[in-house]
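Trainee: Here is my input, please return the structure:
(chains A and B)
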Amino acid sequence: MSLAEDITPSYTQETDPPLPKVDWSLTRTRDRALDGPIASCVNNRNRVLDLGCGQGDLLLKLREEKDVLEQGIEIDGSAVTEAISRGLSVVHGDLEKGLANLGDQTFDIVILNQVITVIRNPVKILKESLRVGRKAAVTLPNFAFHRTRFQLALTGRLPVNPSLPYQWHDTPNIRYVTVRDFRELCYRMGFKVHKEVFVSFRRNGQVHPVKAWPNMRASSALFLLSL
Amino acid sequence: MTHSHAPRKAQPGSTSYDDDARIRPTDSVGRVKPQYVTFSDESQVLNLESGGALAPVTVAYETYGTLSPERDNAVLVCHALSGDAHAAGYHGTDADEKPGWWDILIGPGKPLDTDRYFVISSNFLGSCYGTTGPTNINPETGKPYGPTFPFFTIRDMVELQRWLLDYLEIDTLLAVTGGSMGGMQALQWAISYPDRVRGTIPIATTAQMSAQGIAFNKVGRQAILSDPKWQNGNYLDTDPPDQGLALARMIEHITYLSEKSMHRKFARRFANGNERSFNFSRDFQVESYLHHQGDKFVRRFDANTYLYISKAMDYFDLVDDFGSLEEAFGDCLSSFLVLSFTTDWLFPAKQSQEIVRALRRLGKDVSYCNIESDQGHDAFLLPGHRQGDLIAGYLERLEKGGGT
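Mentor: Presented below is the predicted three-dimensional model:
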């Protein structure tokens, strides 16, 4: 028996160790929680670009309900496969590189659903989104959510909850943001905020609307922006 | 979607004689017959990009499934360098006969679902499998064309496929697809006949043959040209340049695999025994594999044909033809599903991504996936990844009117 049968030679090994695999199923509740409010920002037959569309759950809903002309960008190959297999128009690629190819005002609305915390240059993406689209619907997990605050303050451990479902070592998030911080950024960048929607998740996964004190009480937020 | 015809599945309990049903899987199109059409009308002269012309011209093709009454469910499948019209099913009744080259995709319930789509596969111009090519008789001389066959391009192949579609009275294709050189034809279709293609699925291909690709083709051609038996192309049927053609095929096969798939298939295993032979014969399995591929190929292919086809591939360059990819695709009305494979180094993903980038700049409807596979360029012909699901989803979207 040849040695090569059971030992992979070193030259076939990857040089860059891959990042820990993200279990996206953990964010399902969070990622779908604002689908309804996002859909209400979209008009019939709109041209919609979903950045980081995953398996395309939201795009599928928008196509069924609003008959949109959809386009998604997704970096995860198996999610892309799933989305295209479901009949969606999706491009496999890095949204931080891919937007430059799109013409100005190509889309009626660009969706950034729970992706702003996983990308390297959020400000650039927001600007690019408002260049290729007339509006941008941005959702984010609110790090100032009361349960998140108290988890850190009282237990001394990093918060893990339905809005931030990962441990420190396997999270895809490379940034944290709060409702106030995002409002502040929009003000500074001159983005118009047309609409804000806030929700909180209960432990059982149920989603509740939040009206007052969103920075304390909302676990997720939606902002509808334009220039 | 209403099905316009009954699926061609074996009927359980059927007592009628059906030689296919007993030995073939039920998702096979079963036994198929190659068909031929000869365009011999005086007006039917195929004027080629090289300045040459051909008449009369014969096309070999096969079809699977049934054309809908609206004639709107046709999918054209384009084959690669050494392929033929036999894309699915079986020609004979031998239990060990291998099915057509894309049988994994074409059949009842498969991604190119013959219960829904009318799949057309034609042998391209200049091949040696039935469509007019160098091995056929030149009516003017009464002898095979051989090295006097005019040069042809991918565009000429598409032109002849258009003749076939006209003959079949199919105005609009639901989709056109193919891998490698077949993908080049698919792209050319979307460009040459924008109003006749609703969906284009170029797989593991490029908009312009790369220097690396040309280099490998060149070495393959040179292997044939330097075989003394080649005789400037005027070799005898009985004594063709087999050595050169086999060597060309061996080189080509290296480019179809990946380092990983070679390691998986052969590693350093010996072909016979487990000892170094200390001679130049076939010590290793990978050597015997390449020889086997070469030997098998010379029994079924023609050296001149190989030269012409690989040249057609090298000449493919949409950037040169149109000035830029944006201009090339500018008038396309089709939507696109572009597919590449992660370990394909003959047609690397980057080349597909350039196509995608141009289409997106133009605001065309395009989907793209770089499919994870360790099978190299060959992956598009093999199972083991989700190419089929992607194609099925895209076709369903086209049927529903998406992307147009």
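Trainee: Now residue 125: phi and psi?
Mentor: Answering for chain A, as no chain was given. Taking degrees, to the nearest 10, you get phi -70, psi -40 for the backbone angles of A:Ile125.
Trainee: actually chain B
Mentor: Main-chain dihedrals, B:Leu125, degrees, to the nearest 10: phi -60, psi 140.
Trainee: Against B:Ile309, how distant is it?
Mentor: Relative to B:Ile309, B:Leu125 is positioned 9 Å away (Cβ to Cβ, to the nearest Å). Any C-beta I mention is one placed from the backbone N, CA and C, and that applies to glycine too.
Trainee: Next: B:Gly384.
Mentor: Applying Cβ to Cβ to B:Gly384 and B:Ile309 gives a distance of 28 Å.
Trainee: So which of the two has more stuff around it?
Mentor: Here B:Gly384 and B:Ile309 are compared on neighbour count by other Cβ atoms under 10 Å in any protein chain shown; more neighbours surround B:Ile309, at 26 against 10.
Trainee: for the more buried one, what are its contacts?
Mentor: For B:Ile309, the contacting residues are B:Leu81, B:Gly126, B:Ser127, B:Met181, taking Cβ atoms under 8 Å, 6 or more residues apart in numbering or on different chains as the criterion.
Trainee: repeat that for 10 Å
Mentor: Shown here is B:Ile309, whose contacts under the criterion Cβ atoms under 10 Å, 6 or more residues apart in numbering or on different chains are B:80-82, B:124-128, B:133-134, B:152, B:157, B:181, B:217, B:301-302.
Trainee: And residue 179, what's its pLDDT?
Mentor: Chain wasn't specified; assuming chain A. Looking at A:Val179, its pLDDT reads 97.
Trainee: that's the wrong chain, I meant chain B
Mentor: Residue-level confidence at B:Gly179 comes out at 98, pLDDT.
Trainee: Just the buried residues of stretch A:159-179, please?
Mentor: The neighbour-count criterion (16 or more other Cβ atoms under 10 Å in any protein chain shown) identifies A:159, A:162-166, A:171-173, A:176-179 as the buried residues of stretch A:159-179.
Trainee: Equivalent analysis for stretch B:189-197, please.
Mentor: If you call a residue buried by 16+ other Cβ under 10 Å, then stretch B:189-197 has these buried ones: B:Trp189, B:Ala190, B:Ile191, B:Ser192, B:Tyr193, B:Arg196, B:Val197.
Trainee: residue boundaries of the strands in chain B?
Mentor: With DSSP state E as the definition, chain B shows strands at residue ranges B:35-39, B:46-47, B:53-54, B:57-64, B:74-78, B:106-107, B:112-113, B:118-122, B:137-138, B:143-144, B:175-179, B:199-203, B:335-341, B:366-371.
Trainee: my bad, chain A
Mentor: Using DSSP E, the strands of chain A run over A:47-51, A:69-74, A:90-92, A:107-113, A:133-141, A:192-201, A:207-209, A:220-226.
Trainee: Nearest to chain B, out of the ones you listed?
Mentor: Between chain B and the strands of chain A, the shortest separation by Cβ to the nearest Cβ is 4.6 Å, and it involves strand A:90-92.
Trainee: From the contact counts, what lies against the closest one?
Mentor: Applying 3 or more Cβ pairs under 10 Å, 6 or more residues apart in numbering or on different chains; DSSP states H and E, one finds that strand A:90-92 contacts strand A:69-74, helix A:77-85, strand B:335-341, helix B:349-361, strand B:366-371.
Trainee: Distance to B:Ala223, mean neighbour count and mean pLDDT for those - can I get that in a markdown table?
Mentor: Rendered in a markdown table, the data for the helices and strands packed on strand A:90-92 read as follows (distance: least, Cβ to Cβ, whole Å; neighbours: other Cβ atoms under 10 Å in any protein chain shown; pLDDT from 0 to 100):
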| stretch | distance to B:Ala223 | mean neighbour count | mean pLDDT |
| --- | --- | --- | --- |
| strand A:69-74 | 43 | 25 | 96 |
| helix A:77-85 | 37 | 23 | 96 |
| strand B:335-341 | 26 | 27 | 98 |
| helix B:349-361 | 25 | 21 | 96 |
| strand B:366-371 | 31 | 26 | 97 |
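Trainee: Rebuild those as TSV, extending it with distance to A:Lys135.
Mentor: Formatted as TSV, the entries for those read as follows, by distance: least, Cβ to Cβ, whole Å:
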stretch	distance to A:Lys135
strand A:69-74	15
helix A:77-85	22
strand B:335-341	25
helix B:349-361	20
strand B:366-371	23
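Trainee: Which positions in the stretch 101-250 of chain B make contact with chain A?
Mentor: Along the stretch 101-250 of chain B, the residues adjacent to chain A under the rule Cβ under 10 Å from any Cβ of the partner chain are B:Pro111.
Trainee: Looking at the stretch 101-250 of chain B, which residue is nearest chain A?
Mentor: When you check the stretch 101-250 of chain B against chain A by Cβ to the nearest Cβ, the closest residue turns out to be B:Pro111, at 9.7 Å.
Trainee: Count the residues that sit near that residue.
Mentor: For B:Pro111, the tally of surrounding residues (other Cβ under 10 Å) stands at 23.
Trainee: rewinding a little: which one of the strands of chain A has the lowest average pLDDT?
Mentor: Least confidently modelled of the strands of chain A is strand A:207-209, at a mean of 91 by mean pLDDT.
Trainee: In helices only, show me the buried residues of stretch B:189-197.
Mentor: Secondary structure of the buried residues of stretch B:189-197 is defined by DSSP state H; positions in helices are B:Trp189, B:Ala190, B:Ile191, B:Ser192.
Trainee: I'd assumed B:Gly178 was in contact with the first one.
Mentor: The one in question is B:Trp189. Yes: the pair B:Trp189 and B:Gly178 passes the contact test of Cβ atoms under 10 Å, sitting 9.2 Å apart.
Trainee: what residues are shared contacts of these two?
Mentor: Taking Cβ under 10 Å, 6+ apart as the contact criterion, the common neighbours of B:Trp189 and B:Gly178 are B:Leu76, B:Cys78, B:Thr200, B:Pro202.
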